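> predicted structure and sequence below. I'll ask about it afterward.
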Amino acid sequence: MDWDRIRSDWQSRPAEGIGRALPQSTRFSQLWRRIRWRDWVETTVAVVLALFFGATAWLMFLAAMPIPAGFAIWLTLVCIYIPLKLMRVRRLIPEADPEQPVIEFLRAERRALRGQCAMLSSVWRWYWGPIAIGVIGFYVSIRGWHWHSAAYVAVVLLVSVIIEYANRAAVRKHLEPALHELDEQLRKMEEDDAY
Amino acid sequence: MPQVNQALEQLIGDHEARLVRIARQYAGPNDWQDLLQEITVALWKGLPGFEGRSTLSTWVYRVAVNTALQFVRKRRPATGELVHDPAGSTDVGDDLALLESFLSRLDPVNRAVLLMDLEGLSREESADVLGISPGAVAVRMTRLKQRFNDEFVEEG
C-alpha cells in the first residue's frame, strides 16, 4: 500500500459544509455575555437572599424571637459563603488549556476531573447541608413542632437526598468513566514515551 | 477584539480543510459542525495569547486535537470509539474509505497520531502537538500502519 498516495488523497479531500459550521464573530460576544450573565445571576441571587435573611434576622430580633433570628443569621452567612466558596472552587479546579501539548492537556483534564469529583462528593457539607439546617431551623422555630413542620422537614430532607443521589450518580456515570479513560490514555502515552 | 476576529478569520481560512477533516473524524455526521464551532471558539480564546513558541500550524493542530478529545469525552465518556460511519465514506471500495473505517475504530489519541501523519505533519511537529518524543510518535505510527495493513490490506 502506497502511504504517500493515501496521504496525498487525504489532503486533497474537499472541506464541504464549512460555511454552515463556522460561527460568526457575533457568536463570540454572545459566549462572553453568557459567561458574564451566569456570574451576575449567581451573585445577584446570593446578595438578594443575604439581604432578605439579614432583614428577617433584624425583624426577628425586634420581635424578641432570638431563635428564628439566629437561624436567619445562619442563612445570611450561608448566602454569603456559598458564592464565595463556588468562586474559590472554580479557581482551584484547573481548567485544561487546549494550547498545551496533548499529554499535558490530558493530565490537566484529569486533575480537573478529580477536582470536580471531590467537589460533587462534598457538596452536601458546604451547600445543601447548611441550607437544609438553616431553613428547617428557621421554619420549625417559627411554626413550632406540628405535623406540617414534620412534613416540611421531610420534604427538605427528601430534596437534599435526591440532590445528593444525583451528584453521586453524576460522579459514577460520567466522571469516573472519563477519569478511567484518561488514565488509560495517559498510561499508553507515557509508556510509548519511554522510546 | 475586531483585530482578533480578523486574525481568526484569516487563520481559519488557511486551515479550514484540515479543521473540517479533524471535526469529521471525532464527531458524528450530526455533531461535527458543533465540534468545529468548539474548536473555533478555542482558537479565538487562545489566539491573543499565542506567543509563537511553536509554528502556527502546530498550535492550531494542538488546540483542535485537545478540543476534539474533550468533545469526545463529554459526549461519550465511556468509550473512545466512534460508532458511526464517518461522513464522506460512501465509496466503500477505495483506500480512503478503508482508512476512515480504520480511523473510526481507533482510540482518540491514536486517531490523532494517524490524522497528523495524514495531514503531513512531520514526526517532530506531531511530537510537539502531543508532548511526547518523536521516537514515540514513530513507534506509534509504525504500529498503526502495521495494524492497518493487517486488518485491510492482507484481508483484501
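Looks like it came in fine. Numbering: from 1, shown residues only, chains lettered A, B, ... in the order given.
> which single residue of chain A ends up nearest chain B?
At 2.7 Å from chain B, A:Pro101 is the closest residue in chain A, using C-beta to the nearest C-beta. In this view, the C-beta of every residue, glycine as well, is placed from N, C-alpha and C.
> which ones are touching that residue?
Each residue near A:Pro101 by C-beta atoms under 8 Å, 6 or more residues apart in numbering or on different chains is listed here: B:Arg62, B:Asp128, B:Val129, B:Leu130, B:Gly131, B:Ile132.
> tell me which element the third one is part of?
Read that as B:Val129. For B:Val129, the enclosing helix or strand under DSSP states H and E is helix B:123-130.
> from the contact counts, what lies against that helix?
Counting contacts by 3 or more C-beta pairs under 8 Å, 6 or more residues apart in numbering or on different chains; DSSP states H and E, helix B:123-130 packs against helix A:102-121, helix B:56-75, helix B:108-118, helix B:134-148.
> so can I have TSV of those helices showing distance to A:Ile136 and mean pLDDT?
Shown next, in TSV, are those (distance: least, C-beta to C-beta, whole Å; pLDDT from 0 to 100):
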stretch	distance to A:Ile136	mean pLDDT
helix A:102-121	23	86
helix B:56-75	37	87
helix B:108-118	47	91
helix B:134-148	58	91
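> of all those helices, which one is nearest A:Ser141?
helix A:102-121 (30.9 Å; C-beta to C-beta).
> in this structure A:Gln100 contacts A:Arg111, no?
No. Assessed by C-beta atoms under 8 Å, A:Gln100 is found out of contact with A:Arg111, at 12.0 Å.
> got a list of what residue 11 touches?
Since no chain was named, I'll use chain A. B:Ala17, B:Leu118, B:Glu119, B:Gly120.
> the intended chain is chain B.
Per C-beta under 8 Å, 6+ apart, neighbours of B:Leu11: B:Leu43, B:Leu47, B:Leu56, B:Val60.
> got any ranges where chain B has weak pLDDT?
B:1-4, B:76-93, B:153-156 (pLDDT under 70).
> tell me which residue of it lies closest to chain A.
B:Gly131 (2.7 Å).
> can you pull the phi and psi angles for that residue?
Main-chain torsions, B:Gly131, degrees, to the nearest 10: phi 80, psi 20.
> that one against A:Glu104, yeah?
Yes. Using C-beta under 8 Å, B:Gly131 is in contact with A:Glu104, at 5.3 Å.
> give me the most central residue, chain B.
Chain B has B:Ile22 as the residue nearest its centroid, 3.8 Å off, counting by C-alpha atoms, centre = their mean.
> if we ignore the residues flanking it in sequence, what's nearest that residue?
Among residues not flanking B:Ile22 along the chain, B:Ala64 sits closest, at 5.0 Å (C-beta to C-beta, 6 or more residues apart in numbering or on different chains).
> contacts only, for the one you found.
Neighbouring residues of B:Ala64 by C-beta under 8 Å, 6+ apart: B:Arg18, B:Leu19, B:Ile22, B:Ile39, B:Ala42, B:Leu43.
> can you do 10 Å?
By C-beta atoms under 10 Å, 6 or more residues apart in numbering or on different chains, B:Ala64 lies in contact with A:98, B:15, B:18-19, B:21-23, B:26, B:35-36, B:38-40, B:42-43, B:112, B:115, B:129.
> work out the gap between the host helix or strand of B:Leu19 and the centre of the chain.
Here B:Leu19 sits within helix B:2-26, counting by DSSP H and E. What separates the centre of helix B:2-26 from the centre of its chain is 13 Å, taken as C-alpha atoms, centre = their mean, to the nearest Å.
> per-residue pLDDT of the closest residue to A:Ser121 other than its chain neighbours, please?
Of all residues not flanking A:Ser121 in the chain, A:Val171 sits nearest, at 6.4 Å (C-beta to C-beta, 6+ apart). As predicted, A:Val171 sits at a pLDDT of 86.
> secondary structure element holding residue 46?
Let's take chain A. Applying DSSP H and E, one finds A:Ala46 within helix A:25-62.
> to clarify, I was referring to chain B.
Going by DSSP H and E, B:Gly46 is in helix B:32-46.
> report all helices and strands that that helix contacts.
Where contact means 3 or more C-beta pairs under 10 Å, 6 or more residues apart in numbering or on different chains; DSSP states H and E, helix B:32-46 is packed against helix A:18-21, helix A:25-62, helix B:2-26, helix B:56-75.
> in JSON lines: those helices, plus distance to A:His180.
Converted to JSON lines, those look like this (distance: least, C-beta to C-beta, whole Å):
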{"stretch": "helix A:18-21", "distance to A:His180": "31"}
{"stretch": "helix A:25-62", "distance to A:His180": "30"}
{"stretch": "helix B:2-26", "distance to A:His180": "20"}
{"stretch": "helix B:56-75", "distance to A:His180": "11"}
